[in-house]
Each structure stands twice: as C-alpha cells, then as structure tokens.
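Enquirer: What follows is a protein structure lacking sequence information:
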Ligand SMILES: N[C@@H](CCC(=O)N[C@@H](CS)C(=O)NCC(=O)O)C(=O)O
C-alpha cells in the first residue's frame, strides 16, 4: 500500500495518475499548498523541501516526481511502463526523463514562482527566460511527434508520457500553451482521451484542460 501526499494539479498528478492506471492500492493525503500545508513541521519531516509530491513506499517517504515515476515503473515492471535495461528505447527514455526533470520542470518553477530564482525585482526577466525555455521545449517535443510517433518512445506508453502530459498541462494558461503546437497538441489530445487521466482529474477536482 502506497501513501501519496498531493495537492491538486501539481507535480503529484503524474504519480497519482500512474497509481490509478496501474490499479495499485494507495492512500491519498491532501497537502493544500494554497494554505501552506507543505511547510508544516510534520510534513517537513517527510519532505524537507516542503513540496509535493511525497510518496511513502514500504514505510519510507520519497520525493521528486520523475524519480517516483521511474521507481513505480521499476516496482511494477510487469506493467511495462519503462523500457527494460538494455532495450533500444532505454537511452531515449533516460534522456527525455532527465530533460523533463532538469530543463522543463525548473523552467516551470521559475514561471510559477518568478520571485524565487533572482528576487522579485528580476521576476519579469525570470518569467521571460522560463517562457523561452518552455517554448523551445514544446517545439522539440512537437518535432518528435512530427513523424507520426504515438507516444514519446514510439508505440509503448511509458512513465515519460505521464510526465510530459502533466508538464504540458501546466502550460495551459501560458501565452502559447503546449497545445498550440500541432503535433504535440494531437498527442495531448490522445493522452487526454485516457480514462485514467480523466479519473485523476475527477479525483483531484480539476475541471479545466481535460475537456480540450
Ligand atoms: N522537483 C520536484 C518539484 C516539486 C514542486 O515544485 N512542487 C510544487 C507544486 S507543483 C510545490 O510543492 N509547491 C509548493 C511550494 O514550493 O511551496 C518534483 O518533481 O517533485
């Protein structure tokens, strides 16, 4: 039994979505980041960064959404959500997981928390740079789907798709959201048709974006 600490629509969503898709038993605990619950003394003992998600696995708390996705894929390898070690898709899998974690996620952090990186006085420049990085990223993803690829790694649905879809969702109120790129937009539409993505929206009380 897993325990997932989450707040709606955050970096917890991909983990929550994957648990639902895999039909894994889990308990859900709301940490309302709008109310600052992520900074409570009790929660900081689980997650010293004071962020969501935290996933308790075999009694021990773990964090970092992409790492949690990879861990779940590994623990439930029979579900086939990651290419096996040595498989031809493995290099692309690792590369794009880390690109999402190291390039896209920090840019989103700067977009949503623009005072954090270089102070409030540089917030406008921070957001402009974040936007440029994200739009460049969306263009790269769009090019990847230009050749008719179904999922990020081809015909196999992997945790990378959960991560990419969650991140593209975060762009929905940006000046140029991910859905504005034609091939990437078509991919997002395919992902939005997944019953488990609809279900996680329902369970987190999210109504925007999922309907297109
Ligand atoms: N790198 C972390 C990022 C986690 C993160 O930034 N979570 C945000 C919500 S999407 C959060 O907890 N924000 C509240 C805060 O920073 O106080 C991950 O992938 O899990």
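Expert: Perfect, thanks for sending it. Being a predicted model, the structure only gives us computed values, none of them experimental.

Enquirer: Contact residues of the chain facing the ligand?
Expert: 10-11, 33, 38, 50-53, 63-66, 105, 109 (C-beta under 6 Å from any ligand atom). For every residue, glycine as well, the C-beta is placed using N, CA and C.

Enquirer: now, which of those lie within helices?
Expert: 65, 66, 105, 109 (DSSP state H).

Enquirer: Highest neighbour count among those residues?
Expert: Sorting these by how many neighbours each has (other C-beta atoms under 10 Å) puts residue 65 first, at 25 neighbours.

Enquirer: Report the contact partners of that one.
Expert: 11, 12, 14, 15, 53, 101, 105, 163, 166 (C-beta atoms under 8 Å, 6 or more residues apart in numbering).

Enquirer: Where does the record place the domain boundaries for this structure?
Expert: Following automatic domain parsing, one gets these domains for the chain: 2-79, 90-194.

Enquirer: tell me which element residue 16 is part of?
Expert: helix 13-22 (DSSP states H and E).

Enquirer: buried stuff in that helix?
Expert: Residues 13, 14, 15, 16, 17, 18, 19, 20, 21, 22 are the ones in helix 13-22 that count as buried (16 or more other C-beta atoms under 10 Å).

Enquirer: Please, where are all the helices along the chain?
Expert: According to DSSP H, the helices that the chain contains are 13-22, 41-46, 65-75, 90-99, 105-112, 114-118, 123-145, 159-170, 182-192, 195-203.

Enquirer: Can you say which of the ones you listed is nearest to residue 2?
Expert: helix 13-22 (6.4 Å; C-beta to C-beta).

Enquirer: coming back round to it: just the closest of the ones in helices among the residues of the chain next to the ligand to residue 46, please.
Expert: Nearest to residue 46 among these, with distances taken as C-beta to C-beta, is residue 65, at 14.9 Å.

Enquirer: From residue 73, how far out is that closest one?
Expert: 13 Å (C-beta to C-beta, to the nearest Å).

Enquirer: repeat for residue 154
Expert: 16 Å.

Enquirer: mind checking the end-to-end distance for stretch 149-164?
Expert: Stretch 149-164 has an end-to-end distance of 14 Å (C-alpha to C-alpha, to the nearest Å).

Enquirer: For that stretch, buried residues please.
Expert: Buried residues in stretch 149-164 (16+ other C-beta under 10 Å): 151, 152, 153, 156, 157, 158, 159, 160, 161, 162, 163, 164.

Enquirer: any chance of those residues in TSV, plus distance to residue 44 and pLDDT?
Expert: Converted to TSV, the buried residues of stretch 149-164 look like this (distance: C-beta to C-beta, whole Å; pLDDT from 0 to 100):
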residue	distance to residue 44	pLDDT
151	37	98
152	34	98
153	36	98
156	38	95
157	35	97
158	32	98
159	27	98
160	30	98
161	32	98
162	27	98
163	25	98
164	30	98
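
Enquirer: Closest to the ligand out of these?
Expert: residue 163 (9.0 Å; C-beta to the nearest ligand atom).
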